[in-house]
Each structure stands twice: as C-alpha cells, then as structure tokens.
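[1] Sequence first, then the predicted structure:
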Amino acid sequence: MAPLHPAPVDSPVVTEVDMGSDTGPTTVRATIVQACTVFYDTPATLDKAERLIAEAAASGAQVVVFPEGFIGGYPRGATFGLGATIEGVNSAKGKEDFRKYHASAIEVPGPEVARLTAMAGKYKVNLVMGVIEKKGYTLYCCVLFFDSQGQYLGKHRKLMPTAVERLYWGFGDGSTIQVFDTKVGKIGALVCWEDRMPLARTAMYSKGVEIYCAPTADYSPEWQASMIHIALEGGCFVLGACQFGQRKDFPPAPEYVFAAEDKLKPDSVVSGGGSVIISPSGQVLAGPNYEGEALITADIDLGEIARAKFDFDVVGHYARPEVLKLTVMDRPLHPVSFTAAAKTNGSQE
C-alpha cells in the first residue's frame, strides 16, 4: 500500500480557547484512519495499523480512531455459506471460511491487545480501535480504548449486530456501554447501526461523552445525516470512521468469495469510506471522504461542547425524568453461572 497522507484540514480550524489557568487550552487534534484490513492476516493488519498511527501522530494527532472491525476484518460481502443451508447445516466451504475468520479474531486481553497498548504509548495517542473479539468460539464486534500513556482502558461490544451480522457475531450487553475519561476528554463509542438506537445513545450522553466515536461499515450518503443528528442531539463531537476497500484488498476467489463476485473487478469499491468529523453544532469539520484510503483530521475545540449544551442538553436541562426515564441493565450477562456449595465442617456438600 502506498503511504497515506493526512487529508487536509480544509474546514475552518477552531481557534484554541483558553478556559482559564485551571484548565488550559481545549483544542485537540483528532484523526480518523480510513483504511482497509489485510483480511485473514492479523499480524499484517497490526503492522499496517502501526504505520498509520505513526503517520497520524507525526501530524500531531492526539486521538486516532479506526473503523469497525479493522483488526480481524469486517467480512464485507461474504456469506460463510449461509445461503446454502439445509436444515441448519452450513456448507463445508462456509464452515472453513468461518474457521479462518475466527482465527483472525483476537482475544481480549491477549497479545494483540498488548501490542496495541504499546502503540498507543509509543506514539502518545488516545487510540480507538475496531476489532473482532473471540471469546471461546463466539465472535463479537468490539471497540477497544487505549490512552496516550499506554494503558488499555476497556472495550465496548456491539449490542445489536445488523442483518446477516447476527449469524456470525454474538450480541453485547449493557456492561460495556462505557465512556472513558482521558486527558483530552471523555471518549466512548457505539458501533454502526447501534448508533441509531436512541436509548443506547441516551446512555452514552448520560455518561458525559464528549468525543463520540462511531466506527461503522455504512458508507451510504444517508449515514452522514445520522452523524450530524448525533452531534446535535448529544452536544458532542462525532467521529464517524469507515473502511475504504476495493476487491483487490481481499483474498482472491475462491479463498474469499463475495456474494456478487461475478460483477466485481479488482478496482471495484466494496467499502466506500465516507469518514467524517462533526462538531456539536452540526458543522462538518473534515470529510466525508469517499476518495480512497486517507487520514481525516480536524482540530476540535472542546469549549464548543458547553456552548452547544447551553442551547440543548438532552440529559440535563432538556431532560424530563418525571415523564421519560431510561434504565440501563449494566451488569454482565452470562449463559452459565456456578454457585459454590456451602462448606460444613471443612467439607463441601
């Protein structure tokens, strides 16, 4: 892959604002990495991620956001043989494809997470990374968070996979709806179409999210409307990150087969990008970029959050808890639990 260069910050750059001697300046440089996974090759994908993080950091990025499923891969156009099922039995080719996909996923924690942690610390960036997590033999679409001191902060598992995603990914629960307090602001994420779930967004707003990351696989023009709406609704900066990929970026057939394989050429775009950075006032600060792999960068003024929320604070002065109220089940859900037997006279019964 040819080296990427940051897309120019061609929108008005927010002037650094001094909020007083106690807080200091509030401008943060944020970069979205719009690039494609090296599919079925997680070590190579990690190498690619490091090159792109280094390039973003060299341009002054303090927050770096990657798309949905960057590590492990978003299985764009793949079916895993699910169109050839009889009485619940998947095809042999589909099962083998899933085995390879499972092998490309990562354990959290695990060696790949340790490497990402080291990258965040080495390049002094707050890193938001889309990954495919494996827990046993179930896969989850996740976002991992790391701070610029080289610490792993935690993860968010996608609550609701969309359409065919439900056949190869498990469902997250409320225990990973999280917002992390970093030196550059409070960072959190929802993934792709769970960003369209009003109650999930409300939970994020209630946790004080300031830099709302939206890793996605949706590159439709309509997605831009969702990004603007969320920024206005939440009074937060929104960073929508999507992969840009062409057919040639995936293994050739028959190793990897798209549902519409016969209609694709090597240069056919299969994931169209559209990554964008939106301000709390709904202003597009950078992007959307549909041109290719790129770094999309903007300087964001956290002082704008207070200015926006003076007009509309959805979980503050605009809330009506006596009329509308949300309860979030934020405990982990487990399919199996064990209760230790009571000990009597030193023995278990």
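    Looks like it came in fine.
[2] State the mean pLDDT of the helix or strand containing residue 129.
    When secondary structure is defined using DSSP states H and E, the element that contains residue 129 is strand 126-135. Looking at strand 126-135 alone, the average pLDDT works out to 98.
[3] can you check stretch 51-71 too?
    The predicted confidence, averaged over stretch 51-71, sits at 98.
[4] buried stuff in that stretch?
    Taking 16 or more other CB atoms under 10 Å as the neighbour-count basis, stretch 51-71 is seen to contain the buried residues 52-53, 55-57, 61-71. Glycine gets a C-beta too; all of them are placed from N, C-alpha and C.
[5] Low-confidence regions, the chain specifically.
    By pLDDT under 70, the low-scoring segments of the chain are 1-25, 83-89, 341-349.
[6] let's see it at 50
    Confidence mapping of the chain against pLDDT under 50 gives the ranges 1-3, 5-24, 347-349.
[7] Tell me if I'm right that residue 261 and residue 253 touch.
    Yes: with contact defined as CB atoms under 8 Å, residue 261 reaches residue 253; the gap is 5.6 Å.
[8] what angle do the helix of greatest length in the chain and strand 126-135 make?
    Using DSSP state H to assign secondary structure, the helix with the most residues in the chain is helix 42-58. For helix 42-58 and strand 126-135, the angle between their directions (axes from the mean of the first three to the mean of the last three CA atoms, to 10 degrees) works out to 170 degrees.
[9] which helices and strands does helix 42-58 pack with?
    Contact analysis of helix 42-58 by 3 or more CB pairs under 8 Å, 6 or more residues apart in numbering; DSSP states H and E lists strand 27-34, strand 63-65, helix 111-123, strand 294-301 as its packing neighbours.
[10] among the ones you listed, which is the most enclosed?
    Mean neighbours per residue, mean count of other CB atoms under 10 Å, is largest over the helices and strands packed on helix 42-58 for strand 63-65, with a mean of 28.
[11] So which elements touch the next helix or strand after that strand?
    Using DSSP H and E, the helix or strand that follows strand 63-65 towards the C-terminus is helix 92-104. Helices and strands touching helix 92-104, by 3+ CB pairs under 8 Å, 6+ apart, are strand 126-135.
[12] What residues of the strand it packs on count as buried?
    By neighbour count, with 16+ other CB under 10 Å as the criterion, the buried positions of strand 126-135 are 126-134.
[13] now stretch 259-269
    Going through stretch 259-269 with 16+ other CB under 10 Å, the ones that come out buried are residue 264.
[14] Measure how far that stretch is from the centre of its chain, please.
    26 Å (CA atoms, centre = their mean, to the nearest Å).
[15] Now do it: everything it contacts.
    The set of residues that contact stretch 259-269 without belonging to it, under CB atoms under 8 Å, 6 or more residues apart in numbering, is 77-79, 83, 244-248, 253, 258, 270.
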